[in-house]
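# Below are the sequence and a predicted model; questions follow.
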Amino acid sequence: MKVGTIVYATDSGLGILAKDFYDNGIITDVLVQSHGRLKNNLYWYKNSSVLSPVQNIATTKKQTSEHKKNLINNFLEKIDILFLFEIEWYSDVIQEARKKGKKVIFMPMYECTPFPVLADCYLTTSDLDHQYYNKMYNGLNIERINVPVNSSIEWKKRSHANVFVHNAGNLRQGDRNGTQAILNSIKYIKSKNIKIVIRSQHDNLKFDKLDSRVTIDLSNKKFEDLWTEGDVFLFPERWNGLSLPLQEAHASGMMVMCGNRFPVNTWLPREPMIKVVNYTKKNIIKNIPFKSANYNPIEIANTIDKFANKNIEKFSLIGKEWFEKNNWSVIKEKYLQIIQKIYEN
């Protein structure tokens, strides 16, 4: 049985997610969508075709469209199941797959998946996504399943809250990760013997006066190196159902200091969480409104001061328990069972 997907081969959340599913044998065939802004790591997927315009200045839009259509058709012909993560080009591809009698498994994200999407199975990876799709689209084949901890992550014990690490990401969705709120909180932090590392794939960080405790890291570290440095993952994320960075930091043994909001407050320790001041309505995709959390920089500073230089071993050990229950060796079989069931029905 061949399970195919179309993905970005980039150092982004979805790019890393898809690669891990491929490396662990859930995905067997890949059609790569080239990315216009982020680096394309085409070596991730050997012998895979690249879904991009043909490189010829004389090529017409019609010829380019036909080139893509042929690539997609050829790809769909050789697979049995189309397994799609949240991507913006899924609509036409799903329609073509269904015309060819292929089964479709879709992993949606409530904040940016317009419906209807004609999939045979929907994999909801958080309680928020699961509630949303069951309420809005009752009758769909919806499975609740966790995303396995990325296979490159190793747990290690953290003892004291000395180094606070924040990942700003590529800022493609604005300040989703709460980076600006952290930058605004620096002047209110009283603790002296701490280090705050802010990593970013984008240099557009508005921070006028650099504090000696703060390091801005624009080195674009490899994914597997993100979770080795630091004791605390400082991440007042503003929205998301599934939050891969929170899961990855927790599994690596870091104490997680995020916003006290649903659904992350159902599976992460609440004690280090930052109070949410209020919510504002936001949408990424038209007609899909959701709640975006807002934070007071003083509250962020106070939460950092509360734990600065304190013993955090108990939070690290809770992360180990999460790792042991949610790694690939535990969850892979559940994915294979779902895929086999969809294939046979």
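Cool, got the structure. Numbering: from 1, shown residues only.

# Y279 belongs to a strand, doesn't it?
Yes. When the secondary structure is assigned by DSSP: H, G, I helix; E, B strand; the rest coil, Y279 falls within a strand.

# For it, which non-adjacent residue is closest in space?
The spatial neighbour of Y279 that comes closest, neighbours along the chain excluded (C-beta to C-beta, 6 or more residues apart in numbering), is K291 at 4.0 Å. The way it works is simple: take the backbone N, C-alpha and C, and place the C-beta from them, glycine included.

# ok, now N296?
Leaving aside its sequence neighbours, N296 sits nearest to V277 (C-beta to C-beta, 6+ apart; 5.0 Å).

# Mind listing what's buried along the lowest-mean-pLDDT helix or strand in the chain?
In the chain, no helix or strand scores lower on mean pLDDT, DSSP states H and E than strand 49-51, which sits at a mean of 75. When burial is assessed from 16 or more other C-beta atoms under 10 Å, strand 49-51 yields the following buried residues: L51.

# Residues touching that strand, excluding its own?
By C-beta atoms under 8 Å, 6 or more residues apart in numbering, the surrounding residues in contact with strand 49-51 are 6, 31-34, 40, 42, 68, 71-72, 74-75.

# Past that strand, which element shows up next along the chain?
Taking DSSP states H and E as the definition, the helix or strand that follows strand 49-51 towards the C-terminus is helix 61-77.

# Quick one: mean pLDDT for that next one?
Computed over helix 61-77, the mean pLDDT rounds to 80.

# likewise stretch 119-137?
Rounded mean pLDDT across stretch 119-137 is 89.

# With stretch 159-170 instead?
Across stretch 159-170, the per-residue pLDDT values average to 92.

# Okay, buried residues for it please.
160-169.

# Tell me the secondary structure of P272, please.
When the structure is split into helix, strand and coil by three-state DSSP, P272 lands in coil.

# can I assume it is in contact with M257?
Yes. A contact is recorded between P272 and M257 when judged using C-beta atoms under 8 Å, the distance being 4.7 Å.

# residues shared between the contacts of those two?
Applying C-beta under 8 Å, 6+ apart, one finds that P272 and M257 are jointly contacted by 232, 303, 307.

# Correct me if wrong: the first one contacts H160.
No. With contact taken as C-beta under 8 Å, V232 and H160 are classed as non-touching, separated by 9.6 Å.

# so what's in contact with the two at the same time?
Contacts common to V232 and H160, judged by C-beta under 8 Å, 6+ apart, are I312.

# For the stretch 151-300 of the chain, give me the ranges with low pLDDT.
When the per-residue scores of the stretch 151-300 of the chain are filtered using pLDDT under 70, the ranges that remain are 170-174, 203-209, 284-288.
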